[in-house]
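>>> Starting from these lines, generate the structure:
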Amino acid sequence: MVYQNILEAIGHTPIVKLNRMSDPEAADVYVKFEGLNVGGSIKTRTAFNMIKRAEKEGLIGPDTIIVEPTSGNQGIGLALIGAVRGYRTIIIMPDSVSEERRKLVRHYGAEVILVHDAGNIGDCIDECVKTAQKMARENPAVYIPQQFDNPANPLAHKHHTGLEIMEQVAGPIHGFCSGIGTGGTISGIGEVLKAQNPDLVIWAVEPENAAILAGGNIGTHLQMGIGDGLIPGNLNQNIYDDIYIVTDDEAIETARNLARMEGLMCGISSGTNVAAALKLAQKLGKGKTVVTVLPDTAERYFSTPLFEE
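The predicted structure is shown next:
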C-alpha cells in the first residue's frame, strides 16, 4: 500500500500485553503504544483532527498561521501537520519542557516561543495561552486550535483510538486509566469504552505536583504532557471513577522498567499511566483486563532525568 502523504498513516498503533511487569494474580494490562504513531505520539491524532475540522469549516486557508500553546507533543503534531499542509506554525511552550521537544518542533519547520516556568506550570500555561490570544488579536491570519477546549480533540479518540482499542482487545475491558492533559484521551476513549461496558472502572491520573482534580498544590513536574495545572474544557468530569496520583520518581522508574522489562521505549507520562494501570489491575484482580496508553517515545527525553543513572 502506498500512502499519498504521511498523514494517511496516522493511527492503528499496536496493543501490547505487559508480561514481566504484571502481577500474575492481578488483571492483565494492555498498553496502546502511541510512540509508534506518525510523529511519535498520540497527539498527532488530535492535531490532525483539529486542523481537518478547521479546514472543513473554512476557519483556515493558505495564509493561515497556526499558533498553539502547548507543553509539547501537541506542538510537535501541529508542526508536522503544518509541514504537510503548508501552514506556517508557531508553538508557544513552557521553557521547562525537554530540549528535544523544542528541537522536534523546529525540525518540522515550525517556530518556537518559550515562556518561562517560574515553578507553577498552571501559571506558565496560562501565560502561553495569553500570548497566543494576543497574537490572534493583532493578526487576523492567526488561528489557535485551542486543544484544551476544541471538541475535535476528544472526537479523534472517540472515533478512532477508542474503536481501535475495542477491535484489538476483542474482549471485555474492565479498567482504563489515563493521565489528564487536555482531557481528550480519557474523555474520548473513556466514553467509547464505557458505552460498551457501563461497569468499566476509569481512573484519572495526575502528577503529584499538579494534582488539580484532587485539590493538590500546583508546581512544576517532569511528567510532561499531562498535569498542566488547569481543568480543561474537554475533560468529561463524569467519565472517571477515581483519581490516582503518581510521583515523578514513580513515573520515571516505571518508564525505565517498560524499556528494561518489556522492550517498550516510551516517555515519562507512559510511566505515569502504567504505574496507575498496574495498581488498578491489582484492585480488579485476576481474570480482568486493564488498558492504558503509552503516549509517546523515550527519544524525546534524552535530556531529562529519565536517562540519568
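
>>> And the helices in the chain?
Remark: helices assigned in the chain by DSSP state H are 43-56, 73-85, 99-107, 121-138, 152-156, 162-169, 184-196, 248-262, 268-284.

>>> Not counting its neighbours along the chain, what's nearest residue 21?
By the measure of C-beta to C-beta, 6 or more residues apart in numbering, the closest residue to residue 21 outside its immediate chain neighbours is residue 261, 5.2 Å from it. (Each C-beta comes from the backbone N, C-alpha and C, glycine too.)

>>> Ok, residue 274 next?
Leaving aside its chain neighbours, residue 274 sits nearest to residue 254 (5.1 Å; criterion: C-beta to C-beta, 6+ apart).

>>> From what I see, the one you found and residue 272 are in contact.
Yes - between residue 254 and residue 272 there is a contact under C-beta atoms under 8 Å: 7.5 Å.

>>> Between those two, tell me which one has more neighbours.
Applying other C-beta atoms under 10 Å to residue 254 and residue 272 shows that residue 272 carries more neighbours, namely 35 against 23.

>>> so who does that one touch?
Going by C-beta atoms under 8 Å, 6 or more residues apart in numbering, residue 272 touches 179, 205, 207, 223, 226, 246, 250, 251, 254.

>>> Also residue 21?
Residue 21 makes contact with 29, 257, 258, 261, 262, 274, 278 under the criterion C-beta under 8 Å, 6+ apart.

>>> If we use 10 Å, what do you get?
By C-beta atoms under 10 Å, 6 or more residues apart in numbering, residue 21 lies in contact with 29, 31, 254, 257-258, 260-262, 264, 274, 277-278, 281.

>>> could I get the residues you listed as CSV with distance to residue 231 and pLDDT?
Below are the contacts of residue 21 laid out as CSV (distance: C-beta to C-beta, whole Å; pLDDT from 0 to 100):
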residue, distance to residue 231, pLDDT
29, 28, 98
31, 26, 98
254, 25, 97
257, 31, 98
258, 29, 98
260, 35, 98
261, 34, 98
262, 33, 98
264, 30, 98
274, 24, 98
277, 23, 98
278, 26, 98
281, 27, 98
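
>>> hang on, the earlier thing: between residue 254 and residue 272, what contacts are shared?
Contact with both residue 254 and residue 272 is made by residues residue 246, according to C-beta under 10 Å, 6+ apart.

>>> Now do residue 157 against residue 13, distance only.
Distance from residue 157 to residue 13, counting by C-beta to C-beta, to the nearest Å: 12 Å.

>>> Quick check: neighbours shared by those two?
42, 45, 164, 165, 293.

>>> Go ahead and confirm the first one touches residue 294.
Just to be clear, that refers to residue 42. Yes - using C-beta atoms under 10 Å, residue 42 is in contact with residue 294, at 8.4 Å.

>>> got the contact list for residue 5?
84, 85.

>>> My error: substitute residue 182 in the last question.
Counting by C-beta under 10 Å, 6+ apart, residue 182 touches 43, 46, 70-71, 74, 146-150, 153-154, 225-226, 228, 230, 232-235.

>>> follow-up on the earlier one: so which of the helices of the chain gets nearest residue 23?
In terms of C-beta to C-beta, the element of the helices of the chain nearest to residue 23 is helix 268-284, at 6.0 Å.

>>> Okay, angle between the closest one and helix 73-85 too, please.
Inter-element angle recorded for helix 268-284 and helix 73-85: 120 degrees (by axes from the mean of the first three to the mean of the last three C-alpha atoms, to 10 degrees).

>>> Show me whatever sits in contact with both of residue 42 and residue 294.
With C-beta under 10 Å, 6+ apart as the test, residue 42 and residue 294 both reach 13, 32, 33, 34, 35, 269.

>>> neighbour-wise, which of the residues you listed leads?
residue 269 (31 neighbours).

>>> Am I right that that one is in contact with residue 210?
No - between residue 269 and residue 210 there is no contact under C-beta under 10 Å: 11.7 Å.

>>> Find the residues that touch each one of those two.
223, 226, 227.

>>> Neighbours of residue 260, how many?
Using other C-beta under 10 Å, residue 260 has 11 neighbouring residues.

>>> So what's the predicted local confidence for the nearest residue to residue 257 once chain neighbours are set aside?
Closest residue to residue 257 apart from its sequence neighbours, by C-beta to C-beta, 6+ apart: residue 21 at 5.8 Å. We have a pLDDT of 98 for residue 21.

>>> Cool, thanks, signing off.
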